[in-house]
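Chemist: got a predicted structure here, sequence first:
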Amino acid sequence: MNVLFTSAEVDPFAKIGGLADVVGSLPKALRQQGIDARVLMPDYGFIDKERWGVRHVLNFEVHRRTGVTHCELFMTEFDSVPIYFLRAHPYFGFEPVVYQGWEMDVPRFTLFSQAALAVCDALFAQQGWMPDVIHANDWHTGLVPFLVNRAKYEQAHWSGVGTVFTIHNLAYQGEYVGGWMWEYGIPGRDDHPELVRLGKTDNLMAVGIGYANVVTTVSPRYAIEIQYPYQGYGLDQLMRTRVMSLVGILNGIDAERWNPDTDPQLVSHFNADNFMTARLPNKRQLQQDAGLPIRDDVPLIGLVSRLVAQKGMDLAVGPLRQILSESDVQFVALGAGEYSIENALFQISEDFRDKARVYLGYSAAQAQRIYGGSDLFLMPSRYEPCGTSQMFAMRYGSLPLVRETGGLADTVSNYDNAAADTGTGFVFEWETPDAVLGTLRWALDTYRHSPYAWRRMQERAMRTDFSWTKSAGEYITLYRQISKKG
Ligand code: ADP
Ligand code: GLC
């Protein structure tokens, strides 16, 4: 079974958020279960060819109404997974960032999706490799299922190819693309009655949802939430037309790459057996780097996040200020995103200099040190399709404080102080600052007054199996159902 992933982000080559974590680790897990999984991503200008051993494979052309686009395909192997990179000027090759705004990204990812099929044609012609399934991800590659659907009826080697479309975040949709589609000679989305009826033919997320053989979400809970208007972002009706082909499969994490027992960013390695002593030096180092008092007894709240409305920082800033002023606690945050949220967090570290430190920016190394050194991990998302951060935090022994939504609800089990030995974190439901404040106080109380319960929770969190093994198997079942190799 051959599977080609198409994605805008793949860790470690280009990462903004969890999409990169997933496409950077699921293919490896699939290969371990006998699937020939490969990945196609853009060749962004910042990807260091020498560092990753990237080599040229072949050249090909994409024919569009406006003319011919010359493309180059490169590849390397990472963790035994073949990764292909698409270079095509002026779309991909020189840019210093992944995303460049709607007016650039729509034409860029339209070309990327068209090229994905041309890559398959070229690999098939030159090497005899053809995917049985193309696995597209998020709006950037939403056009792929539509294009495959057409190719199936036009070319014999496409006839049995199935498509999976995974929704990582329904809020980002790639809308109003009609003009670009006309420009590039991509007609025919009006052969889909539901897209026409709902006025979504010019929405790339909707096109992916409408045309894929199977649609998946990255957690079971999110598959339900998006069938309702509140989290459906205008596509809940379309989701309901696809319930028979909609499956929620929980994300895993690469437990080898994310391992506190080997992580080179940690000053002291630890595991679920020795964390009570071996984890402490990481907390001290985090405090020292942050310029905070080095103390073992004070609870340290960590945060690593894209700073956008989704992540619920507006719910958390007030409660954080309250907690920092009323109690003996420390706070270390790392994040980048919208200016107003960055500023609100930064102001906390200005106002509580001896208790809080906020790093604005992106740093994989610093993120790992926060997972490995903090006691509590704050993730009060308004919505969360899955979330990888809370799983990294748990694996690294930092207990997540999360809202009961999406993948957070599916991965964090709530502490119950009436029942012995339960829970891997602290969960609240209502989207209000009061809920965050109350839950913070409850967690800090537990840290101070029930150290035994806390340690048991840490141990449970660290021992939870977040590996891809089970979920990769669920994807394979789907691949079998929709491809000729069933
Ligand atoms: P999302 O994809 O919505 O951002 P996830 O929790 O699925 O949420 O994934 C976030 C990923 O991005 C995690 O791997 C997290 O460690 C990483 N991350 C987020 N912000 C930063 C940052 N400022 N620096 C380094 N890593 C970050
Ligand atoms: C998106 C979601 C996040 C999810 C990630 C990977 O970025 O916001 O919740 O974990 O995709 O699927």
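Modeler: Thanks, I have the structure now. Ligands and ions are numbered 1, 2, ... in the order given.
Chemist: okay, CA-based contacts and neighbour counts for the rest of this
Modeler: Will do.
Chemist: setting aside sequence neighbours, what's the nearest residue to the residue positioned nearest the centre of the chain?
Modeler: Centroid-nearest residue in the chain, with CA atoms, centre = their mean: G18, separated by 1.9 Å. Spatial nearest neighbour of G18, chain neighbours left out: T388 (5.9 Å); criterion: CA to CA, 6 or more residues apart in numbering.
Chemist: list the contacts of the one you found.
Modeler: G18, D21, N251, G252, I253 (CA atoms under 8 Å, 6 or more residues apart in numbering).
Chemist: tell me the one of those nearest ligand 2?
Modeler: Distances from ligand 2 to the contacts of T388, taken as CA to the nearest ligand atom, are shortest for G18 (3.8 Å).
Chemist: which SSE is immediately downstream of whichever helix or strand Q114 is part of?
Modeler: Using DSSP states H and E, Q114 maps to helix 102-127. Following helix 102-127 in sequence order, the next helix or strand is strand 133-137 (DSSP H and E).
Chemist: in the helix holding Q114, what's buried?
Modeler: 105-123 (16 or more other CA atoms under 10 Å).
Chemist: pull the distance from that helix to the chain's centre.
Modeler: 22 Å (CA atoms, centre = their mean, to the nearest Å).
Chemist: mind pulling up the pLDDT for the closest residue to P145 other than its chain neighbours?
Modeler: Leaving aside its chain neighbours, P145 sits nearest to A212 (4.9 Å; criterion: CA to CA, 6+ apart). Looking at A212, its pLDDT is 98.
Chemist: hmm, V161 and A212 touching each other?
Modeler: No: using CA atoms under 8 Å, A212 is not in contact with V161, being 11.0 Å away.
Chemist: can you tell me how far the residue nearest to G18 sits from ligand 1?
Modeler: Per CA to the nearest ligand atom, to the nearest Å, T388 is found 4 Å from ligand 1.
Chemist: which secondary structure elements does the one helix or strand Q285 maps to contact?
Modeler: In this structure, Q285 sits in helix 280-289 according to DSSP H and E. On a contact count with 3 or more CA pairs under 8 Å, 6 or more residues apart in numbering; DSSP states H and E, helix 280-289 meets helix 364-373.
Chemist: I'd like to know how many residues surround the closest residue to G373 other than its chain neighbours.
Modeler: Counting by CA to CA, 6+ apart, K283 is the residue found nearest to G373 once chain neighbours are left out, at 3.9 Å. Close neighbours of K283, defined as other CA atoms under 10 Å, add up to 25.
Chemist: I'd assumed V427 was in contact with S413.
Modeler: Yes: assessed by CA under 8 Å, S413 is found in contact with V427 at 7.5 Å.
Chemist: ok, G67 - contacts?
Modeler: No contacts exist for G67 under CA under 8 Å, 6+ apart.
Chemist: how's the chain carved up into domains?
Modeler: Here the domain parsing of the chain from automatic domain parsing is 2-252+469-482, 275-463.
Chemist: and the ones you listed as JSON lines, adding distance to W258?
Modeler: Shown next, in JSON lines, are the domains of the chain (distance: least, CA to CA, whole Å):
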{"stretch": "domain 2-252+469-482", "distance to W258": "11"}
{"stretch": "domain 275-463", "distance to W258": "7"}
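Chemist: all good on my end, thank you.
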